[in-house]
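S.K.: okay, predicted coordinates and the sequence, questions at the end:
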2 protein chains.
Amino acid sequence: MFELVCEDEKSKARVGKLYTKHGVVETPCFMPVATKGSVKTLSTAELEELGVTALIANAFLLYLKPGLEVIEKCKGLHNFMGFKKVIFTDSGGFQVVRKDFEPRVSKRGITLRSPFDNSRHLLTPEKCMEIQNTLSSDVAMVLDECPPYGLEYEYYIKSVKRTLDWAEKCKKAHKNENQLLFAIVQGGIYPDLRKLCAEKLIKLGFDGYGIGGLSLGEPKKKMLEVLTRSAKLLPKDKPRYLMGVGSPEEIIKCVSLGVDIFDSSFPTRNARHGTIYTKKGKYNITKGRFKDDFTPLEEGCRCFTCRNYTKAYVQHLFKVNEMLGMRLATIHNLSYIHDLMAKIKRAIRNNEELENFLT
Amino acid sequence: MFELVCEDEKSKARVGKLYTKHGVVETPCFMPVATKGSVKTLSTAELEELGVTALIANAFLLYLKPGLEVIEKCKGLHNFMGFKKVIFTDSGGFQVVRKDFEPRVSKRGITLRSPFDNSRHLLTPEKCMEIQNTLSSDVAMVLDECPPYGLEYEYYIKSVKRTLDWAEKCKKAHKNENQLLFAIVQGGIYPDLRKLCAEKLIKLGFDGYGIGGLSLGEPKKKMLEVLTRSAKLLPKDKPRYLMGVGSPEEIIKCVSLGVDIFDSSFPTRNARHGTIYTKKGKYNITKGRFKDDFTPLEEGCRCFTCRNYTKAYVQHLFKVNEMLGMRLATIHNLSYIHDLMAKIKRAIRNNEELENFLT
């Protein structure tokens, strides 16, 4: 299901191919976030034009709305949202770090509050598999416990035990041959716990491995240290998915540590706040100096926005609250990330220095 | 500048061609509203795909933001917003019926409050021409006074006098050979005032004639009565533009009374509230019965939305507040109106009954 195409000679960076029922994902790959079944402001036609081969949706929120009955009748999320490429679904476990879901974790699973009607829902490993099975995503994630950064060591021990127990239950409950199942390595910032968690999960055997519980407020150095160790623990012939990361700088760094798959709401959320990504760094389009700047968002960019619109116009749209502004910025940022990933892949194949891309 | 192609044998309906610097507008024509320089949620590429040949922007709001300096540097609104077809600009006079602009009318002109910073601005006929000249729209509208429905007869006398005085001043001040100038007939619901206003404006001579001050709360029968008389007063060889109207039913009716051009924020605003236009009437997409309806918004429709998405998905987007929902509904409604106008034109050429389209 995963083919390792080549590895960089100096770093741990690798190029691979993840085979799924909806096509091949070339890695390293960045997935935009379609939390509620839509990458905010964009049509699926635009995603395809942007070269998006995989996205990630939130299984718990889709379970609440429109609900499994609707998605089942429609024969899965691909049909429902009109996206023909690869869909990952998360387990809902990540909501544990989101206080507005009022998460309560027990041995049985995670109870979460619906943001729509305040009803409470227990996500067990089995329920989690049932939901993702019905969504018919190409890659399902196991239920894990993702505790916030900064708790006591003892808590992470307990949480790793739960994560392992749930992973085993998920594997047993998972019966969908058309769907890959990825486990998630937890363990906070503790090397021993990360090692324990990874080894046990590998023994259980999954189609790929998520690395969770990072980028939650821990020092960046710590995060990279944990990641370096974690990546080494994971089998070479399986894809490694660093969940919830992130910025162009982080992506480049983490690719060089051996990560294959990323997702983050950053490029799209930043776009909706006017932050524009470019090869020369970020800027905010609402800044005064762009008021009469009739050049594209990024010189030389070939995205729809840069081919058709100027900084001055995009700024205007933001200043007068026209939704088209968010959309044009989102298109550009995803195009930037797509180009970045393409360059990263090229560089790995050619044994070039990855770090060079940011300057 | 306007060519009358054919007239219906039974009704007053007509097919025409309005020649402008940015191409020909075939009439009867409906213009979507791009108040602040964007048809809400849509890109100009989508407008072109929808077959939009003309739109109308709000000169006063664009004067405030981004301001004339920016638009002038950019060499006009077409370049600024990236729209290659025909742009109409209104005068700002219509804001008189909008209380939030705190309009004050005097002999000199209209003072309006900026919704952006509460500053007050006097629009004189000359200022109004200067603004629209700088915007470089294809069709500019004179400054008129558009009083609300239901005032005393005496007020409308005064207001017609002002409208005539301002129209004359606008004509004098208008020096842009690349821009057509339309006058606006006012006079409330009073036949004598409408007649007076129309005759004097025709004597001054304009490239086209707007019919203003209608659809402001007066009984529909009254509105059609006024319109029937007004249309008869206007020269056959000039386009007639009924401002701010409206619904598919009204458009069909008013075409049969001899109106050539329409604009309204209705189809787009309705779309953003989930109201979908179809040949069989309107419906709201958020209604429960569409929850698991996997057919397109309208059976047989060839718009982008109907080709790619289902009622159930569009409903879902509205229910979870995803902006894409508004956008998909807007595309469909504008596509519906475009098809309606195309059928109306065909019917006039073939001397068919216009009223048949709604059933």
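M.R.: Noted; the coordinates are in hand.

S.K.: who's in contact with A:Lys311?
M.R.: Taking CB atoms under 8 Å, 6 or more residues apart in numbering or on different chains as the criterion, A:Lys311 is in contact with A:285, A:290, A:293-297. Yep, even glycine has a C-beta here, placed from its N, CA and C like the rest.

S.K.: what pLDDT is listed against the residue nearest to the spatial centre of chain A?
M.R.: Closest residue to the average C-alpha location of chain A: A:Asp263 at 1.9 Å, with CA atoms, centre = their mean. You'll see A:Asp263 listed with a pLDDT of 97.

S.K.: phi, psi for the residue of chain A positioned farthest from its centre please.
M.R.: Going by CA atoms, centre = their mean, the residue of chain A most distant from its centre is A:Asp292, 36.1 Å out. When read as degrees, to the nearest 10, the backbone of A:Asp292 gives phi -120, psi 40.

S.K.: wait, doesn't it sit right on A:Gln315?
M.R.: No. Using CB atoms under 8 Å, A:Asp292 makes no contact with A:Gln315, being 9.3 Å away.

S.K.: okay, helices next: where are they in chain A?
M.R.: A:44-49, A:59-62, A:68-73, A:77-81, A:125-135, A:153-173, A:191-204, A:220-233, A:248-256, A:266-272, A:304-308, A:311-319, A:323-349 (DSSP state H).

S.K.: run through the contacts of A:Lys311 and flag the ones next to chain B.
M.R.: A:Phe294 (CB under 8 Å from any CB of the partner chain).

S.K.: for the residue in the stretch 151-300 of chain A positioned nearest to chain B, what are its contacts?
M.R.: Going by CB to the nearest CB, chain B is nearest to A:Asp292 of the stretch 151-300 of chain A, at 5.0 Å. Contacts here follow CB under 8 Å, 6+ apart; on that basis A:Asp292 touches A:312, B:69-70, B:73-74.

S.K.: compare these and tell me which is most surrounded.
M.R.: Per-residue neighbour counts (other CB atoms under 10 Å in any protein chain shown) across those peak at A:Ala312, which has 21 neighbours.

S.K.: which pLDDT value goes with that residue?
M.R.: 98.

S.K.: kindly report the same for A:Ile285.
M.R.: 98.

S.K.: ok, for it, nearest residue in space, not its chain neighbours?
M.R.: A:Gly274 (4.6 Å; CB to CB, 6 or more residues apart in numbering or on different chains).

S.K.: now A:Val24
M.R.: Nearest to A:Val24 is A:Lys17, by CB to CB, 6+ apart, at 5.2 Å.

S.K.: separation between that neighbour and A:Gly23?
M.R.: 10 Å (CB to CB, to the nearest Å).

S.K.: who's in contact with the closest residue to A:Glu26 other than its chain neighbours?
M.R.: Spatial nearest neighbour of A:Glu26, chain neighbours left out: A:Lys17 (5.8 Å); criterion: CB to CB, 6+ apart. Shown in contact with A:Lys17 (CB under 8 Å, 6+ apart): A:2-3, A:5, A:24-27.

S.K.: hmm, try it at 10 Å
M.R.: Residues near A:Lys17 by CB atoms under 10 Å, 6 or more residues apart in numbering or on different chains: A:1-5, A:24-27, A:239, A:260.

S.K.: just the pLDDT at the residue nearest to A:Ile285, thanks.
M.R.: 98.

S.K.: so which pair among the contacts of A:Lys311 is furthest apart in space?
M.R.: Within those, two members stand farthest from each other by CB to CB: A:Ile285 and A:Phe294, at 13.3 Å.

S.K.: higher neighbour count, these two?
M.R.: A side-by-side neighbour count of A:Ile285 and A:Phe294, using other CB under 10 Å, places A:Ile285 first with 25 against 16.

S.K.: now do the same contact list for the more buried one.
M.R.: A:Ile285 touches A:271, A:273-276, A:293, A:297, A:311-319, A:325, A:328-329, A:332, counting by CB under 10 Å, 6+ apart.

S.K.: what's the PyMOL syntax to select whichever of these are buried?
M.R.: In PyMOL, this line selects whichever of these come out buried by 16 or more other CB atoms under 10 Å in any protein chain shown:
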select buried, chain A and resi 271+274+275+276+293+297+311+312+313+314+315+316+317+318+319+325+328+329+332
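
S.K.: ok, and the closest non-adjacent residue to A:Phe304?
M.R.: Per CB to CB, 6+ apart, closest to A:Phe304 is A:Ile331, 5.3 Å.

S.K.: what's the burial count for the one you found?
M.R.: 26.

S.K.: start and end of stretch A:271-289, how far apart?
M.R.: Using CA to CA, to the nearest Å, the end-to-end distance of stretch A:271-289 comes to 18 Å.

S.K.: and stretch A:81-101, by the same measure?
M.R.: Termini of stretch A:81-101 sit 25 Å apart (CA to CA).

S.K.: what of stretch A:281-295?
M.R.: Note: stretch A:281-295 ends 17 Å apart using CA to CA.

S.K.: which positions in that stretch come out as buried?
M.R.: Buried, per 16+ other CB under 10 Å, within stretch A:281-295: A:283, A:285-286, A:290-294.

S.K.: from the chain's centroid, how far away is that stretch?
M.R.: 29 Å (CA atoms, centre = their mean, to the nearest Å).

S.K.: leaving out chain neighbours, which residue sits closest to A:Tyr277?
M.R.: Closest to A:Tyr277 by CB to CB, 6+ apart is A:Tyr336, at 4.3 Å.

S.K.: contacting residues for the closest residue to A:Leu64 other than its chain neighbours?
M.R.: Nearest residue to A:Leu64 in three dimensions, chain neighbours excluded: A:Ser114, at 5.0 Å (CB to CB, 6+ apart). A:Ser114 sits next to A:60-61, A:63-65, A:101-102, A:120-121 when contact means CB under 10 Å, 6+ apart.

S.K.: filter those to the buried ones?
M.R.: A:60-61, A:63-65, A:101, A:121.

S.K.: just those residues: which are in strands?
M.R.: A:His121 (DSSP state E).

S.K.: now pLDDT too, for the buried ones among the contacts of A:Ser114, in TSV please.
M.R.: Listed next are the buried ones among the contacts of A:Ser114 as TSV, based on pLDDT from 0 to 100:
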residue	pLDDT
A:Phe60	95
A:Leu61	95
A:Tyr63	97
A:Leu64	96
A:Lys65	97
A:Phe101	87
A:His121	94
